[in-house]
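**Student:** Here is my input; please provide its structure:
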Amino acid sequence: MEVPIIPEKLVDSAEQIEIWLEHREDEESTLAISVKGTVESTNWTNPRLHYIDSQEAPPRGIHPFDVYEFEFYATPPQVGDVYSMHPTPITTVFKWPGYSKDMKLIRVRTTNNMASLKVDLGGAGTPFEEETAPPPAEQETYPQEEQYPIDNEPTIQKSEDDYLG
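**Tutor:** As a prediction, this is how the structure comes out:
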């Protein structure tokens, strides 16, 4: 196999994400993720999805553990290849045996956008832990000095006009 001179790059954009389950006898189901996108010219090869750890917060109500994020890569035309400089569709299919049924969101990053697809594969999703405040630290208590009112302290009364400037 010839090593490409120009390494793979993110494709320009992702327009559509589709999923389906493939069932085979005596095997677990496989999740297929198809992504259709666009590259800047003809003759791009080896389109693929690369799993990454998500750096972006999920939408409200979806636990970060239930978000699966990918980058969409392909190999551009190599030196000496003949190609045309016009936007060209490109598609890849990622097959995932042993996928998580708790998955709720698939994201695909490209150079110019991020496409996403909400999914429900029958899992309950990762439960959110109820946020509870930690118990307050025990503080030492010191006796407070008694406050005695001073009778000759002047009283200043302000009206609303004083506050409105």
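
**Student:** Please make it C-alpha for all contacts and neighbour counts, starting now.
**Tutor:** OK.

**Student:** What segments of the protein are strands?
**Tutor:** Taking DSSP state E as the test, the strands found in the chain are 9-10, 13-22, 30-39, 45-52, 67-75, 88-97, 105-109, 114-118.

**Student:** In this structure, where is pLDDT below threshold?
**Tutor:** Within the chain, the ranges that satisfy pLDDT under 70 run 1-4, 129-165.

**Student:** ok so, going back, nearest to residue 126 among the strands of the chain would be which one?
**Tutor:** When the strands of the chain are compared by Cα to Cα, strand 67-75 sits nearest residue 126, at 10.3 Å.

**Student:** Show me what that closest one is packed up against.
**Tutor:** strand 9-10, strand 45-52, strand 105-109 (3 or more Cα pairs under 8 Å, 6 or more residues apart in numbering; DSSP states H and E).

**Student:** most packed of those strands?
**Tutor:** Of all the helices and strands packed on strand 67-75, strand 105-109 carries the top mean neighbour count, a mean of 21, counting by mean count of other Cα atoms under 10 Å.

**Student:** Now that one - C-alpha only, CSV.
**Tutor:** In CSV, the C-alpha atoms belonging to strand 105-109 read as follows (Å, rounded to 0.1, in the frame of the first residue of the first chain):
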residue,chain,number,x,y,z
LEU,A,105,-26.8,12.1,20.5
ILE,A,106,-24.4,11.6,17.7
ARG,A,107,-22.3,14.6,16.5
VAL,A,108,-20.0,14.8,13.5
ARG,A,109,-17.4,17.6,13.2
